[in-house]
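> Compute the structure for the input listed below.
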Amino acid sequence: MRWGFKMVGFALGDVENHTALHYQAVQTQYIKGADGDSLRQYYAGIIVNHAKELLKISKYMVFDAYFSKKSFVDGLVGQGFTMISRLQSNCYLRYAYKGAQKGGRGRPKAFDGKIDLKNISTQHFTIIPSKETEIIYQDIAHVRTLIRWCKLVIVQKLQAEGKVKSTCAYFCTDPQTDGQKILQYYQLRFQIEFLFRDAKQHLGLQDCQARSKEALDFHFRNA
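Predicted coordinates:
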């Protein structure tokens, strides 16, 4: 969007009808380096300001991979939200150790090796039934960048001969959340793009000539 028109939008996902409903639009007034906070922390602050109202609707919040950083995740979880997002391709993931613990002193063994997204161990992960062109795995795993155990969903896209073409890893901060629900909620996130598209094409989202905070806020909320 043009200068002065940057904003962050919140939408409510309708799981049953697979659509999104506009909830809130807030003008972005972040100035880089003004207070040492990152843009992610600025957005986290907006969510904190609306946390009480949002939690009345749902505890689940879905974000793209840009927000899968420890400070942002910790901030949301600390407010009572359950976060669902996609992990970046270079993330370091570890299997949970499920074997017998050795006796004696010392910390119990927690990890059972690094996860290779193209070669998932079925001793640790279970398969979610899906299309022939993909394999979906789910289980609890440790995300090192988040320093947190999460429910992980790994999607392998397959070539015609059955080899892995590409992979995506999604996580949920609630380890008990079903993997199918995680995928369903994350895919629903894309419906917000249609809200922005319709607001631009039919409601003049980018056509406001005002520059004051109050006038822009009024325009964003109505568009």
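> what about the residue nearest the centre of the chain, which SS state?
Centroid-nearest residue in the chain: residue 85, 2.0 Å away (criterion: C-alpha atoms, centre = their mean). Classification of residue 85 by DSSP: H, G, I helix; E, B strand; the rest coil places it in strand.
> Same question for the one 3 residues further on.
Residue 88 falls in the coil class when you classify it by three-state DSSP.
> That one touches residue 69, doesn't it?
No: in this structure, residue 88 is not within contact of residue 69 by C-beta atoms under 8 Å, at 9.2 Å. (Each C-beta comes from the backbone N, C-alpha and C, glycine too.)
> low-scoring pLDDT stretches of this protein, where are they?
Applying pLDDT under 70 to the chain flags residues 1-5, 7, 30-37, 194-223.
> Could I get the full set of strands for it?
Using DSSP state E, the strands of the chain run over residues 7-14, 19-27, 60-62, 82-86, 93-96, 111-114, 126-128, 134-143, 148-158, 164-172.
> Out of these, flag the one nearest residue 49.
Of all the strands of the chain, the one in closest proximity to residue 49, counting by C-beta to C-beta, is strand 19-27 (8.7 Å).
> List the strands paired with the closest one, with their directions.
Here strand 19-27 has these sheet partners by DSSP bridges: strand 7-14 (antiparallel).
> hang on, the earlier thing: which of the strands of the chain is buried the deepest?
strand 82-86 (a mean of 23; mean count of other C-beta atoms under 10 Å).
> In contact with residue 184, which residues?
residue 15 (C-beta atoms under 8 Å, 6 or more residues apart in numbering).
> Relative to residue 156, how far out is it?
For residue 184, the distance to residue 156 equals 18 Å [C-beta to C-beta, to the nearest Å].
> likewise residue 42?
Separation of residue 42 from residue 156 (C-beta to C-beta): 35 Å.
> Kindly report the same for residue 99.
Distance from residue 99 to residue 156, by C-beta to C-beta: 25 Å.
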